[in-house]
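S.K.: Sharing a model that was predicted from the sequence below.
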Amino acid sequence: MHSILEVQGVVKKYADKTALNEVSLSIPKGSVYGLLGPNGAGKTSLIRIINQITVQDKGQILLDGEVLSPKHIRHIGYMPEERGLYKSMKVGEQALYLAQLKGLTKQEAKKQLEYWFEKLDIKDWWNKKIQELSKGMAQKIQFVVTVLHQPKLLIFDEPFSGFDPVNANLIKDEILELRDKGATIIFSTHRMESVEEMCDHIALIHKSNKLLEGKLIDVKREFRTNTYQIGILSSNVERLMFQLTQDFKIQPTQFKSIHDELQLEIDLNSKSPNELLQVLINNGQVTHFQEKIPTVNDIFIQSVSK
Amino acid sequence: MNVLSLIIKREFIAKVRNKSFIVMTFLSPFIFVGLAALVGYLSSMKADVKKIAIHDETGLFVDQFENSESYEFQNLSAIDVNIIKDSILSKAYEGLIVIPKKDNLNELQNAVTYVSDDSPSMGLVTKIESTIEDKITNINLLSEGIDLALIEKSKAEVSLNLTKASGEATVKGLNEIKIVIGGAFGYLIFMFIIVYGNLVMRSVIEEKTNRIIEIIISSVKPFQLMMGKIIGTSLAGILQFVIWGVLGGLLMMITTFVLGLETGSTMPTEAISSGAVPLDTDIVATIQSYIGEILKMPLITMFVSFIVFFIGGYFLYSSLYAAIGAAVDNETDSQQFLFPIMLPLMLAVYVGFFTVINDPHGTVATVFSMIPFTSPIVMLMRIPFGVPVWQIIVSVCILFATFILFVWLASKIYRVGVLMYGTKPSWKELYKWLKY
């Protein structure tokens, strides 16, 4: 897949510490890309470099194959973690101003703004000042301001922190719609589970280094442990356990269920799932059989300890 | 539209729409004129006549005290001093002059007493002293056989004529006019820097506290944002000054008409032009020669230098204000950094008003008119006295070189500072930011 953004060997050092150490990423066009890592890993530094707020010490960044330069500003939409708006400025004026700073003409900006205000049903806010709006209303404006100039690349830093659940959902849907229209989305977050469901690609960053990167499915496949959670109603538990321990590693586990069954976590131990199933079926009624897929958090912890 | 002009426009509009700006702009002239009118009115009011009692045991001095607008002297020599002090003084009189009887008049030099619960004004003390002095001196002269009329006749009065080497006559008091004009220019710059520098700083802090800064600087360079702020704010300031000038002038004229003479003393030219004062031809001639002298000053140089130094000085300082705004999270934290900025400004004003008046081309004045942090004020105060063009050029060059250097340094602090939250930076920290 063609990649919209190439980060190549980027190094960023501050006076006493390294924020990014030879980080390379490739962000495919049309993807929802999760840039994951704990606080202080270097995510925000990288995002600021992509937004040309700061400059890397080494390495380069290509947007659509071109070395990043000020003319690319209008192709990037950025919602920083520290976000806000001019409190005493009117909503409409403010949005027009910010869109014009991104390089839109006033007419273009107005047209886009009307489209979004219509879509989110916030038309009568045009002449209100931000300080008159509720927090949730301001969040909507914040989102509109980010996407107003129809950027090819959208970057959200900790997107759902501070958003109320209703707005968070609304914005999730809008983001996915933008993706479907061809935009590429980068999510940066330390709450790895929060965007897992939306991302198709991820990169893990830890202590200034990239730990891994790839398609979410591939990463998960790579980190699969061949462990299954099973539930079984067995009349002869002793025999079942005996047979299982012959070939598999077992340990007790717990999951929610409506049965009063025996719950186990079983490591295939290089056998196939079918062989496991065979043993189970011979010993009772199987109520639950599911591969334990590692969460991004599991993957992260595993990669860090590696 | 390019981004710089967009930012300038926004800053300008944000400032101008601000309620306190509007109130200040339209209220200040009224307050100012109101105060001026009040002062004029108060000074035109007649002060109460104060009665002073005199107990003169010699009988020589009582007649020497002449009543004036402010003081009325009454002879109470017949009444006992203690009675006056105990019962009369506090009721009817401001004070009591006691002149005791002495055999030798010269002993009186240290024997006269003034009794009063309130401390007397300097004017009164001098008046009493000189009246008694003169009388004693005259008596002494007479006793030595010297004719007082002769002395009066031999007195000469010299009035110095001032001319330049070229032979043109100049007017006395011109230095004062020059210092007033130069001082007004210098003071205007001083005020502008403080007021609008602070506005720039506040506007930077506002963007930080509103947390919009990162969104903005993902679209524009911090340097552009900083310059846009400085220029936009200064335009708002210039507009405010123009409105003040126009409104103030209009109001002054109106009040002058309404109150007639009362503010006339503070605004001689306007009072005269309005024809409210019966004109003495001598006064007209003097005023004409003053105006002639003012016109002879390097007016174009003064005006051009004012603009140039104004721009240089304001930009230099407001870039520092912007850097401070970027470094702190709120205004209270800014105090420790503001002090070092105020220092050279205050120094410039003091040097201007104390050194330039006495010696406009001396070493101190010259040096301070070269130092970029003080030159906008000090040089402007020197220019009416005639400064060699090369000095002005050197000073302007130094100012603008420093201005560029500091804008560059400030933009580095700004670039780092605007993204820093929650840390109260030290000077050491700021130095580190310069190297980021």
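M.R.: Perfect, thanks for sending it.
S.K.: What's the separation between A:L244 and B:P360?
M.R.: For A:L244, the distance to B:P360 under the criterion C-beta to C-beta, to the nearest Å works out to 104 Å. (Each C-beta comes from the backbone N, C-alpha and C, glycine too.)
S.K.: quick one: which of these two has more around it?
M.R.: More neighbours surround B:P360 than the other of A:L244 and B:P360, with 22 against 19 (other C-beta atoms under 10 Å in any protein chain shown).
S.K.: residue contacts, the more buried one?
M.R.: B:P360 makes contact with B:381-382, B:385, according to C-beta atoms under 8 Å, 6 or more residues apart in numbering or on different chains.
S.K.: so what's the closest residue to A:L5 other than its chain neighbours up against?
M.R.: The spatially closest residue to A:L5, leaving aside those adjacent along the chain, is A:I27, at 4.2 Å (C-beta to C-beta, 6 or more residues apart in numbering or on different chains). The contact partners of A:I27, by C-beta under 8 Å, 6+ apart, come to A:3-7, A:33, A:153, A:184, A:186, A:201.
S.K.: In terms of pLDDT, where does A:G284 sit?
M.R.: At A:G284, the predicted lDDT confidence score is 90.
S.K.: re the thing from before, going by secondary structure, the residue nearest to A:L5 is in what exactly?
M.R.: Element membership of A:I27, judged by DSSP states H and E, is strand A:18-28.
S.K.: How about chain A: which residue is closest to chain B?
M.R.: Nearest residue of chain A to chain B (C-beta to the nearest C-beta) works out as A:G84 at 3.1 Å.
S.K.: Let's verify that residue: helix, strand, or coil?
M.R.: For A:G84, the reduced secondary structure class is coil; criterion used: DSSP: H, G, I helix; E, B strand; the rest coil.
S.K.: On the pLDDT front, check it for me.
M.R.: pLDDT, A:G84: 86.
S.K.: which non-adjacent residue is nearest it?
M.R.: Sequence neighbours aside, B:R211 is the residue nearest to A:G84 in space, at 3.1 Å (criterion: C-beta to C-beta, 6+ apart).
S.K.: near chain A, which residues of chain B?
M.R.: Within reach of chain A by C-beta under 8 Å from any C-beta of the partner chain, chain B has these residues: B:1, B:3, B:6-7, B:10, B:14, B:18, B:206-207, B:210-221, B:415, B:419, B:421, B:432, B:435-436.
S.K.: Are any of those residues buried, and if so which?
M.R.: Neighbour counting over the residues of chain B next to chain A (16 or more other C-beta atoms under 10 Å in any protein chain shown) leaves B:3, B:6-7, B:10, B:14, B:206-207, B:210, B:212-221, B:415, B:419 as the buried ones.
S.K.: mind listing the strands in the stretch 101-250 of chain A by residue range?
M.R.: Using DSSP state E, counting those that start in this stretch, the strands assigned to the stretch 101-250 of chain A run over residues A:153-157, A:184-189, A:201-206, A:209-215, A:227-233, A:249-252.
S.K.: and what of the stretch 101-250 of chain B?
M.R.: Using DSSP E, counting those that start in this stretch, the strands found in the stretch 101-250 of chain B span residues B:113-115.
S.K.: and A:L35, bridged to which residues?
M.R.: Per DSSP bridges, residues listed as beta-bridge partners of A:L35: A:S188, A:A203.
S.K.: right, and it touches A:H201 too?
M.R.: No. Taking C-beta atoms under 8 Å as the definition, A:L35 is not a contact partner of A:H201, at 9.6 Å.
S.K.: ok, these two, which is more surrounded?
M.R.: Counted by other C-beta under 10 Å, A:L35 and A:H201 do not tie: A:L35 has more neighbours, with 29 against 24.
S.K.: ok, longest helix in chain A?
M.R.: Taking DSSP state H as the assignment, the helix of chain A that covers the most residues is helix A:165-180.
S.K.: If we go by neighbour counts, what in it is buried?
M.R.: Neighbour-count burial for helix A:165-180 flags A:167-168, A:170-172, A:174-175, A:178-179 (criterion: 16+ other C-beta under 10 Å).
S.K.: Run the angle between that helix and strand A:153-157 for me.
M.R.: Here helix A:165-180 runs at 150 degrees with respect to strand A:153-157, directions being taken by axes from the mean of the first three to the mean of the last three C-alpha atoms, to 10 degrees.
S.K.: So what angle separates the directions of helix A:165-180 and strand A:184-189?
M.R.: 140 degrees.
S.K.: Output the contacting helices and strands for helix A:165-180.
M.R.: Counting contacts by 3 or more C-beta pairs under 8 Å, 6 or more residues apart in numbering or on different chains; DSSP states H and E, the secondary-structure elements packed against helix A:165-180 are strand A:32-36, helix A:135-147, strand A:153-157, strand A:184-189.
S.K.: What is the burial count for B:Q336?
M.R.: Count around B:Q336 with other C-beta under 10 Å applied: 14.
S.K.: List, one by one, the residues from the stretch 101-250 of chain A near chain B.
M.R.: With C-beta under 8 Å from any C-beta as the criterion, the stretch 101-250 of chain A meets chain B at residues A:101-102, A:106, A:145.
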